[in-house]
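> mind looking at a prediction? Sequence and model below.
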Amino acid sequence: MTKLPAILDAAQTALSTVLPTYRWLDGRGLSESIRPPLIALRLVSDRPPAMVGRQAQMEAAALFEIFVAVPPDSATDPDAQLAALLWRARAALLSGDPPLGGLVRHITEDPNHSGIVFQDSLYDHPESGGDIARVRQPFLLHYIDLIQE
């Protein structure tokens, strides 16, 4: 049984300590009633290990993205507000406390083999009159999963 559903739930719970957090799937927009500021979490891909027999415990990886969105008419400059919220979201994922603690591999000195590897974040500022300012933060989670045939 894969840990991936539990990891998704745990990441959503951790991010919800920063802002209301929703799951987002490609091709399905968020409900019109959901307004920023918010965090949207999405599973982009997962890379299972090669099968070596009927049962194996191996490292797997999953790529996620979080989107932090704020209204552009906010009293604070949107870029500063996004940067502060993104910092808090990263801290929530790295806390090591439950619910993510124990699901994701421990952080090591080698950043390519850490439990959570953050990739470059991208800021998207709306054109004049645009609806939201947002930042996209891709991150890779390495975890140990039990593969059974």
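Received the coordinates, thanks.
> and the gap between residue 69 and residue 137?
Shown here: residue 69 relative to residue 137, a distance of 12 Å by Cβ to Cβ, to the nearest Å. C-beta here means a position set from N, CA and C on the backbone, and glycine is covered the same way.
> if you count what's nearby, which of the two comes out ahead?
residue 69 (24 against 19; other Cβ atoms under 10 Å).
> after the helix or strand encompassing that one, which helix or strand is next?
For residue 69, the element it lies in under DSSP states H and E is strand 55-70. Read in the C-terminal direction, the helix or strand following strand 55-70 is helix 78-94, with elements assigned using DSSP H and E.
> check which residues of that next one are buried.
Across helix 78-94, burial judged by 16 or more other Cβ atoms under 10 Å covers 78, 81-82, 85-86, 89-90, 92-94.
> who are the packing partners of that helix?
Taking 3 or more Cβ pairs under 8 Å, 6 or more residues apart in numbering; DSSP states H and E as contact, the helices and strands that helix 78-94 lies on are helix 4-15, strand 55-70, strand 116-118, strand 133-148.
> mind checking the pLDDT average for the third one?
If I follow you right, that is strand 116-118. pLDDT averaged over strand 116-118 equals 81, rounded to a whole number.
> give the pairing partners of it; include direction for each.
If you go by DSSP bridges, strand 116-118 pairs up with strand 133-148 (antiparallel).
> what angle do the partner strand and helix 4-15 make?
For the pair strand 133-148 and helix 4-15, the angle between their directions (axes from the mean of the first three to the mean of the last three Cα atoms, to 10 degrees) equals 150 degrees.
> start at 754, not 1
That works, and once the first residue is 754, the last one we named lands at strand 886-901.
> quick check: buried residues in strand 886-901?
Neighbour-count burial for strand 886-901, counted by 16+ other Cβ under 10 Å, picks out 886-896, 898, 900.
> again with stretch 786-806
Along stretch 786-806, the positions that meet the burial threshold by neighbour count (16+ other Cβ under 10 Å) are 789-796, 799.
> save those as JSON lines, and put in secondary structure and pLDDT too.
JSON lines is the format used below for the buried residues of stretch 786-806 (DSSP: H, G, I helix; E, B strand; the rest coil; pLDDT from 0 to 100):
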{"residue": "789", "secondary structure": "coil", "pLDDT": "83"}
{"residue": "790", "secondary structure": "coil", "pLDDT": "86"}
{"residue": "791", "secondary structure": "strand", "pLDDT": "88"}
{"residue": "792", "secondary structure": "strand", "pLDDT": "91"}
{"residue": "793", "secondary structure": "strand", "pLDDT": "88"}
{"residue": "794", "secondary structure": "strand", "pLDDT": "90"}
{"residue": "795", "secondary structure": "strand", "pLDDT": "87"}
{"residue": "796", "secondary structure": "strand", "pLDDT": "87"}
{"residue": "799", "secondary structure": "strand", "pLDDT": "79"}
